[in-house]
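Peer 1: Sharing a model that was predicted from the sequence below.
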Amino acid sequence: MTARSASGVPRYVRPRPDRVLGLRAPAWTVLIAVALVGLVELLARSGAVSGTELVPVSEMLAGIAGLLVDPEFLVQNLLWTVGLIAVSFALATVLGVGLAYTMWRARWWRRAAQPYLNVYYAVPTFALYPILVVLFGTGAVPIVLLAVAFSSVVIAASALTGFGSVAPSVNKLAASLRLRPGQYLRRVLLPSAAPDIAAGMKLGFVYALIGVLATEFILATRGLGQFISHAYITFDAEEMYAGILFVCLFALGANLGLSALLNRFDWRRS
Amino acid sequence: MTSATRRVPGVAAPRPRPALRRLLEPAVAPLLLLVAFLLVWHVAAVALDSTVFPTPLEAAATLVADLGSSAYLAAVAETLLVLLGSYALAVVIGSLLGFLIGLSTFWSDVLSPLIYAVYSIPKITLYPLFLVFLGLGDVGRIGFAFLHGVIPMLLIVLGATASVDRTHLKLAASLRLTTPQLVRRIVVPSIVPSAVTGLRLAFGLTFLGLLIAELLGGSAGLGGELLRNVQLVRMGNIVGEVILITIIALVPTVLLLRLEHRATARFAGRATDAAPAL
């Protein structure tokens, strides 16, 4: 028989505890994160894992501090990558919302394209990268193209969901007011779909980030991804770990910042 | 009458005219789009004087020729085998862990932010770590592909398990079900639709991870072949291989989509709100 308290209520239906061992959930999250960092630090410093394989976290952070004051790193790698991500993300948003709008307006186009949208992320889009490099060289163009291709579809799918969520009564009101399509888009459709578009944009940003960094890692002459790749190839463990940790922190920070910004458009969260 | 009736935005148009009716049948429109795409490709390739870029027919012919070579077939078989292995591993471990963590709301709240944080890191930047710790061979490849697939599966199953309807839990309590009975009769059927969605998403991501690992590692499997073709700039072979990769990716995905529809219809579970449009 299952464990029961004196009241006879089984454990699986009891309310969620507020504290476990005196700590609330967020405190446990921080504790586990700190413990993992401490474990890495310990493994590196004690020599259990060799210095060419693992670097203490404190040295990783020192490496990051050193990189952030190095002008060559800032311009060649950081600004370049951030610029590519920003451009890709902006283009992907415009393209994604535009594609969703065309699909929403034209029924036959939607029926034609919807299945491809559904299975799009099953296909490894990165397989196209060699083709793009052969066609456009190794500059910014193939990177931006691939990142846009990778992230616009999730934005389009979310926007399409959002467009479909306008209440029928609102649509009838728009018809009775004889709104032109442009007015309808601006005043009814986009604001109504804003929460879904915001959710799609958060995911699209993650994908744009991954797209830019992955393509830079595979083949590029500059950028954060190339920095890490180069450090690995030259067996520079400290630079490599500094780069990896920096990218992780940057990705987390950028995601949190974008979420905070986009939540202001999410009128469903009050 | 129809011309005088104003079209209400968002409301479906009235009965379609017979001539357009066939366009609205489900499979026809996507196929037409595919044909149109191939035509545009062909015209563009011819216009670019296809020395650099092959036409669809040339690419298909190159692919067929490649598939005749035993070395190429061996590479394809190897990739498929490794893909199946890492996919199976990712799906089993991901769903088990997600299930175990999801059973407790408290520990889901503790661990979800950490797992989401790992999910949002571009895993390709962690690729050197796999090479350093797991080596250049198969284990590194499997590990990298595994990581790509396990996290979304874990997150989806975690979300589904944690959001089992509380009313069902109370029903189980009032029927005095033990925890194993609860799991078997209520929890597992509730999470099946989400789990099948997770299966589909994990497949695409595992394949992506494996291809990237092979492309970067450069010696084995389909990715290795792709890298060789890139280095020799054999565009026909590259495009043919991309077509092959697309087919390998799409066939299981379509099958898993069908499974997903069946599972959702049968178990009438909630739509996948565990993880939005991944």
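Peer 2: Structure received.
Peer 1: Could you tell me how many residues sit around residue B:112?
Peer 2: 19 (other C-beta atoms under 10 Å in any protein chain shown). Where C-beta positions appear, they are placed from N, C-alpha and C, glycine not excepted.
Peer 1: do residue A:15 as well
Peer 2: 8.
Peer 1: for stretch A:109-120, which positions count as buried?
Peer 2: A:110, A:111, A:112, A:113, A:115, A:117, A:118, A:119, A:120 (16 or more other C-beta atoms under 10 Å in any protein chain shown).
Peer 1: Not counting its neighbours along the chain, what's nearest the fifth one?
Peer 2: Pointing back at residue A:115 there. residue B:30 (4.8 Å; C-beta to C-beta, 6 or more residues apart in numbering or on different chains).
Peer 1: tell me the contacts of that neighbour?
Peer 2: A:111, A:112, A:113, A:114, A:115, A:116 (C-beta atoms under 8 Å, 6 or more residues apart in numbering or on different chains).
Peer 1: Which helix or which strand is home to the second one?
Peer 2: Counting by DSSP states H and E, the element that carries residue A:112 is helix A:107-119.
Peer 1: What score does the residue nearest to residue A:115 have for pLDDT?
Peer 2: Listed pLDDT for residue B:30 reads 86.
Peer 1: can you tell me the helix or strand for it?
Peer 2: helix B:28-47.
Peer 1: Please compute how far that helix lies from its chain's middle.
Peer 2: 25 Å (C-alpha atoms, centre = their mean, to the nearest Å).
Peer 1: And stretch B:200-215, by the same measure?
Peer 2: 8 Å.
Peer 1: again, but for stretch A:262-270
Peer 2: On C-alpha atoms, centre = their mean, the centre of stretch A:262-270 falls 18 Å from that of its chain.
Peer 1: Mind listing what's buried along it?
Peer 2: A:262, A:266.
Peer 1: could you give the mean pLDDT of that stretch?
Peer 2: 76.
Peer 1: check contacts around residue B:230.
Peer 2: A:130, A:133, A:134, B:238.
Peer 1: With distance to residue A:237, neighbour count and secondary structure as new columns, can those residues be given to me in a markdown table?
Peer 2: Output for the contacts of residue B:230, formatted as a markdown table (distance: C-beta to C-beta, whole Å; neighbours: other C-beta atoms under 10 Å in any protein chain shown; DSSP: H, G, I helix; E, B strand; the rest coil):
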| residue | distance to residue A:237 | neighbour count | secondary structure |
| --- | --- | --- | --- |
| A:130 | 29 | 24 | helix |
| A:133 | 29 | 22 | helix |
| A:134 | 33 | 18 | helix |
| B:238 | 34 | 25 | helix |
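Peer 1: Format those residues as TSV; extra columns: pLDDT and distance to residue B:212.
Peer 2: Conversion of the contacts of residue B:230 to TSV gives the following (pLDDT from 0 to 100; distance: C-beta to C-beta, whole Å):
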residue	pLDDT	distance to residue B:212
A:130	81	12
A:133	82	15
A:134	80	18
B:238	87	16
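Peer 1: Nearest to residue A:186 among these?
Peer 2: Among the contacts of residue B:230, residue A:133 lies closest to residue A:186 (C-beta to C-beta), at 39.6 Å.
Peer 1: Show the average pLDDT along stretch A:227-236.
Peer 2: 88.
Peer 1: Now do that stretch: distance to the chain's middle.
Peer 2: Worked out by C-alpha atoms, centre = their mean, stretch A:227-236 lies 24 Å from the chain centre.
Peer 1: Ok, stretch A:81-97 next?
Peer 2: Worked out by C-alpha atoms, centre = their mean, stretch A:81-97 lies 12 Å from the chain centre.
Peer 1: Least confident secondary structure element in chain B?
Peer 2: Lowest by mean pLDDT, DSSP states H and E among the helices and strands of chain B is helix B:18-21, with a mean of 66.
Peer 1: Skipping adjacent residues, who's closest to residue 166 in space?
Peer 2: Just going to use chain A. residue A:192 (4.7 Å).
Peer 1: ah, no, chain B please
Peer 2: residue A:13 (7.8 Å).
Peer 1: Show the pLDDT at that neighbour.
Peer 2: Confidence score, pLDDT, at residue A:13: 85.
Peer 1: try residue A:115
Peer 2: Residue A:115 is given a pLDDT of 87.
Peer 1: Please report the distance of it from residue B:248.
Peer 2: 18 Å (C-beta to C-beta, to the nearest Å).
Peer 1: can you check residue B:213 too?
Peer 2: From residue B:213 to residue B:248 the distance is 16 Å (C-beta to C-beta).
Peer 1: In terms of neighbours, single out the busier of those two.
Peer 2: Looking at residue B:213 and residue B:248 with other C-beta under 10 Å, you find the greater number of neighbours at residue B:213, namely 28 against 19.
Peer 1: sec struct for that one, please.
Peer 2: Three-state call for residue B:213 (DSSP: H, G, I helix; E, B strand; the rest coil): helix.
Peer 1: quick one, what contacts it?
Peer 2: B:127, B:130, B:140, B:141, B:144, B:145, B:223.
Peer 1: same thing with residue A:246?
Peer 2: So residue A:246 contacts A:64, A:67, A:224 (C-beta under 8 Å, 6+ apart).
Peer 1: ok, which stretches of chain B are helices?
Peer 2: B:18-21, B:28-47, B:56-68, B:70-102, B:105-120, B:127-134, B:138-162, B:166-174, B:179-182, B:188-217, B:221-231, B:235-267 (DSSP state H).
Peer 1: among those helices, which is nearest residue A:211?
Peer 2: helix B:188-217 (11.4 Å).
Peer 1: Quick one: residues contacting the residue nearest to the spatial centre of chain B.
Peer 2: With distances taken as C-alpha atoms, centre = their mean, the residue of chain B nearest its centroid is residue B:204 (2.6 Å). Contact partners of residue B:204, counting by C-beta under 8 Å, 6+ apart, are A:121, A:122, A:123, A:124, B:249, B:253.
Peer 1: Show me the two of these that sit farthest apart.
Peer 2: Longest span within those, C-beta to C-beta: A:124 and B:253, 11.5 Å.
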